[in-house]
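Student: sequence and predicted structure, then a few things I'm wondering about:
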Amino acid sequence: MAIIRSLTLHVDRNIGRLKEYSGTLKKISEHITGKGFEVWTLRISTPPIESARFDYGSYCNAIAENIDGDVYISALNVETESFDPDAVLGCFDRYSLMFGSLLIRDHSELDAVSSKIYRFYKASEDPLAYTRFSTLIDSWVHTPYFPSSPNIGGEIGFSVALRYVDLFRKILNDSASISEVAKFLRALDELLREVEDLYGLRYYGIDLSLSPWMSESVGELIEMASGVKFPFPGSGSGIDKLNRLIRVLANASRVRTVGFNEVMIPVEEDNLLRSRVAEGVLGFRDLIHFTAYCIVGVDMAIVNRGDLDIAKVLSDLMVISRVKGRPLGIRVIPVDLSPGSTIDLGRFGVGKVMKY
């Protein structure tokens, strides 16, 4: 059954109002649930941090003291001048549900910030800290998807993301039609427009991106769509088929959309992708290749810290982003273990280090 993956409230940086915002978010969730739609997570996103002299300590302490303990918050979305690796990791230690990202617009910024990036990926021995941070290339994206979810909309409002792999599976095996899935999306959109009127908050839209959660596998859908084992040749056409299907659903349902609206392949959130890593057939270089088809790019990949040359990876992704004309992101988990080794990722389960 399709559910709302995240209900995200995009707010200002008035941290003193976080309890109020959390309460509003929960009321909206209750209203949506009462109408028959399940909500999986509640999230808050704040505007990007632009000041080079930003007081991270006071800011993060205030968040930890004011936010409800079961609400995720993307509050550390920073630009290159304001990026402080030690401060970001310190904030993550202060509140375990805090997320953030770094925006790098072009190669000139990469040259200026590369030493900080290298320091960041060597500074923490906690792999879970790196599941909460991503780097975005080219420009911010207004989306409910974490880690990179800055409020760039200009006003307080809300958006949602979905877990709806099962609906795509039904379309691919002909047990459901596009019109049936579009009807589900249209009903949700109508409810969210109702919430907009009731609460006087801007409804930004639905990010129709197709994302996995363990047994709800996007990797499985790619194999169904392509007819080949992922990531062998033909997989790219399978991803493209799913991306085109997302666009068809958006047009057929006429819902309000926001964000990426493309296939996502976070490795450690997808059981089939994890199994392909364990088999040794899916490697880090494959993920870079598939950024041509998957807008999120390289996501939730565990790699050996010594192998990872993050500046060179980012440099390649910048070229791909320029060719595609769209933002790309990367979220890697560096560890001091060799490829094939296992590591406990908490709520994500046990993962394996990818070959580089």
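Tutor: Looks like it arrived, so ask away. Numbers count the residues shown, from 1 in each chain.
Student: for H31, which non-adjacent residue is spatially closest?
Tutor: In this structure, H31 finds its nearest non-sequential neighbour in V195, 6.2 Å apart by Cβ to Cβ, 6 or more residues apart in numbering. Heads up, the C-betas are built off the backbone N, CA and C, glycines and all.
Student: which is the next helix or strand following the host helix or strand of that neighbour?
Tutor: For V195, the host element (DSSP states H and E) is helix 178-199. Toward the C-terminus, helix 178-199 is succeeded by strand 202-207 as the next helix or strand (DSSP H and E).
Student: and that next one, which residues are buried?
Tutor: For strand 202-207, a neighbour-count test (16 or more other Cβ atoms under 10 Å) marks 203-207 as buried.
Student: so what secondary structure elements neighbour whichever helix or strand comes after that strand?
Tutor: Note on strand 202-207: by DSSP H and E, the next helix or strand toward the C-terminus is helix 218-226. On a contact count with 3 or more Cβ pairs under 8 Å, 6 or more residues apart in numbering; DSSP states H and E, helix 218-226 meets helix 165-172, helix 235-253, helix 271-279.
Student: the shortest one: how far from the chain's middle?
Tutor: Right, the one you point to is helix 165-172. 21 Å (Cα atoms, centre = their mean, to the nearest Å).
Student: which parts of it are buried?
Tutor: 165, 167-169, 171-172.
Student: using a markdown table, lay out the buried residues of strand 202-207 together with pLDDT and distance to A225.
Tutor: Listed next are the buried residues of strand 202-207 as a markdown table, based on pLDDT from 0 to 100; distance: Cβ to Cβ, whole Å:
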| residue | pLDDT | distance to A225 |
| --- | --- | --- |
| Y203 | 98 | 31 |
| Y204 | 98 | 29 |
| G205 | 98 | 25 |
| I206 | 98 | 22 |
| D207 | 98 | 20 |
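Student: between the residues you listed, which is closest to L242?
Tutor: For these, the closest approach to L242 (Cβ to Cβ) belongs to D207, at 14.9 Å.
Student: gap between F230 and L287?
Tutor: 11 Å (Cβ to Cβ, to the nearest Å).
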